[in-house]
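Asks: Okay, here's the prediction I keep looking at, along with the sequence it came from:
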Amino acid sequence: MSTMENPTNIVWHKSPVEKRDRQHLLQQKGCAIWITGLSGSGKSTVACALSQGLHMRGKLTYILDGDNVRHGLNRDLSFKAEDRAENIRRIAEVAKLFADAGIICIASLISPYRKDRDVCRALFPEGDFIEVFMDVPLHVCENRDPKGLYKLARAGKIKGFTGVDDPYEPPLNCEIVLQQKGSDCVPPGEMAETVISYLEEKGYLQA
Ligand SMILES: Nc1ncnc2c1ncn2[C@@H]1O[C@H](COP(=O)(O)OS(=O)(=O)O)[C@@H](OP(=O)(O)O)[C@H]1O
Ligand SMILES: Nc1ncnc2c1ncn2[C@@H]1O[C@H](COP(=O)(O)OP(=O)(O)O)[C@@H](O)[C@H]1O
């Protein structure tokens with residue numbers, strides 16, 4: 001019988017080195033920074049700026065980018081709703097392992113459904129799931145279109161593209177909103193600093 005059929009036969013094995021020991025070694029607290037938003041909203045850019053900013057402060061980070069993880073672990077998943085949910089679930093479970101390792105894990109993926117993001121949040125201890133919403137209007141993302149995907153979606157060559165013919169549900173109550181100031185784009189480094197200030201204030205940059 002597989003463990004899937006009978007999960008009750010699995011017993012948690014405790015390690016002598018625990019999360020708090022690893023956090024002490026690293027002088028930081030493990031957590032997940034979950035960056036959600038439309039394609040082209042700047043998720044990957046801000047994830048990189050944040051990773052760089054924290055690295056320069058001597059903090060250990062790791063980025064899980066939806067696009068990248070879909071090249072390996074999640075290469076079997078499509079963009080239909082149930083596959084997106086599974087994509088998000090797996091990335092959240094991996095982020096949970098990284099957070100347990102004491103690492104500041106930056107997950108950057110569209111994660112369009114509120115319900116799926118809430119399922120991820122529930123995997124983490126209170127406060128350790130920090131949801132960051134890239135609040136960038138569709139027309140700005142579509143004008144950027146660095147991969148030409150919006151153009152293909154509008155031409156009907158990609159079906160079920162988020163924001164075009166698939167939904168995006170913005171967070172109602174997330175920890176951080178990163179938005180444009182009027183018609184000007186905020187530099188990614190400035191957005192990263194907003195997240196770093198939050199981490200500092202909440203005590204994540206010390207053990
Ligand atoms: N149908 C459809 N809808 C949305 N996006 C699509 C689609 N097909 C391909 N792409 C490209 O895949 C990237 C999104 O992958 P994610 O893993 O972040 O998506 S999701 O969280 O599972 O919704 C997304 O990358 P980003 O532009 O970095 O967001 C797109 O480049
Ligand atoms: N803050 C910003 N201001 C202006 N342009 C940006 C900003 N952030 C990202 N971009 C540009 O927008 C495009 C999409 O950014 P990207 O990080 O790939 O978005 P996503 O990961 O959400 O698809 C890229 O061409 C990038 O250079």
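Replies: Good, I have the coordinates. Ligands and ions are numbered 1, 2, ... in the order given.

Asks: hey, let's count contacts and neighbours off CA atoms from now on
Replies: Fine.

Asks: Which residues of the chain lie near ligand 1?
Replies: Contact residues, the chain versus ligand 1 (CA under 6 Å from any ligand atom): 38-40, 66-67, 79, 84, 87-88, 109-112, 160-162.

Asks: ok, residue 201 - how many residues close by?
Replies: Neighbour count of residue 201, defined by other CA atoms under 10 Å: 10.

Asks: what's the answer for residue 81, then?
Replies: Applying other CA under 10 Å, we find 15 residues neighbouring residue 81.

Asks: tell me the secondary structure for the nearest residue to residue 50 once chain neighbours are set aside?
Replies: The shortest distance from residue 50 to any non-neighbouring residue, by CA to CA, 6 or more residues apart in numbering, is to residue 192 (4.6 Å). For residue 192, the assignment made with DSSP: H, G, I helix; E, B strand; the rest coil gives helix.

Asks: residues touching residue 192, list them.
Replies: Residues counted as contacts of residue 192 (CA atoms under 8 Å, 6 or more residues apart in numbering) are 46, 47, 49, 50, 53.

Asks: what's the second one sitting at in phi/psi?
Replies: Yep, that's residue 47 we're talking about. When read as degrees, to the nearest 10, the backbone of residue 47 gives phi -60, psi -40.

Asks: Ligand 1 versus that one, what's the distance?
Replies: Distance from residue 47 to ligand 1, counting by CA to the nearest ligand atom, to the nearest Å: 11 Å.

Asks: Quick check: that residue touching residue 62?
Replies: No. At 9.5 Å, residue 47 and residue 62 do not qualify as touching, with contact defined as CA atoms under 8 Å.

Asks: Strands of the protein, residue ranges please.
Replies: Assigned by DSSP state E, the chain shows strands spanning 31-36, 61-65, 104-108, 129-135, 176-179.

Asks: hang on, the earlier thing: list the residues that contact both of residue 47 and residue 62?
Replies: Listed as contacting both residue 47 and residue 62 by CA under 8 Å, 6+ apart are residue 106.

Asks: And these two? Which one has more around it.
Replies: Using other CA under 10 Å as the criterion, residue 47 and residue 62 rank with residue 47 on top: 26 against 18.

Asks: Quick check: residues of this protein near ligand 2?
Replies: 38-45, 144, 146, 185-188.
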